[in-house]
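A.B. asks: Sequence and predicted structure, then a few things I'm wondering about:
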Amino acid sequence: MYLLLGECYYWKDQPALAADALNEVRTRAGATPLTAADINIGEILDERARELYYEENRHIELVRISYIYAKTGKPCEVFGGRVYKLDNLSGPGGTNSNVKQTGVNFWYDRVVAKSNFYNKGVKHKWAEYKISVHHILWPVPSTVISTNIKGIINQNIGYPGAEKNKTPLKVE
């Protein structure tokens, strides 16, 4: 609860309160307390990783944070003030959908910066492990798309079938 509270204060630009919430966890663990100047999303994610190592699905948390950055337009201080956008969260789409470029979404930037697995040449006998910005979202199963006869379900950008996507209707 304190970790989520600290993150909430971060999004509200209240770093002193965020530090207080994170320090509840850090003090119990015998770690050095944080100050308001130490607070950024990287520090919050690092604390979550230490405290919740096997308890949370990291992909889901990073996707959630990526959407918040893209929706709010808040500059990400851990990546030099990058601003993410909702309209290209999964990359540009089309023939250029397999993008391996920082600055498109927070999820990709964080995974590439912190992982020693993806995009570092890790290979097994069938393939090399790589990620792209569109892997922030997983593919919609083709059976879900093809069996829906009362509407259109678009495929996520970067996966086969996305070239057939239709512009969603806007309801006002």
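C.D. replies: Great, that's in hand.

A.B. asks: contacts, neighbours, all on C-alpha from now
C.D. replies: Will do.

A.B. asks: count of neighbours near the residue nearest to Glu128 when sequence neighbours are not counted?
C.D. replies: Distance criterion CA to CA, 6 or more residues apart in numbering; nearest residue to Glu128, sequence neighbours excluded, is Val122 at 5.8 Å. As a burial measure, Val122 scores 12 neighbours (other CA atoms under 10 Å).

A.B. asks: And for Ile136?
C.D. replies: Neighbours around Ile136, by other CA under 10 Å: 22.

A.B. asks: Phi first, then psi, for it.
C.D. replies: With angles defined as degrees, to the nearest 10, Ile136 sits at phi -60, psi -40.

A.B. asks: In contact with it, which residues?
C.D. replies: Val63, Ser90, Trp107, Tyr108 (CA atoms under 8 Å, 6 or more residues apart in numbering).

A.B. asks: So which of the residues you listed is the closest to Lys164?
C.D. replies: The closest of the contacts of Ile136 to Lys164 turns out to be Ser90 (CA to CA; 16.1 Å).

A.B. asks: secondary structure class for the spatially closest residue to the closest one that is not a sequence neighbour?
C.D. replies: Closest residue to Ser90 apart from its sequence neighbours, by CA to CA, 6+ apart: His134 at 4.3 Å. What DSSP: H, G, I helix; E, B strand; the rest coil gives for His134 is helix.
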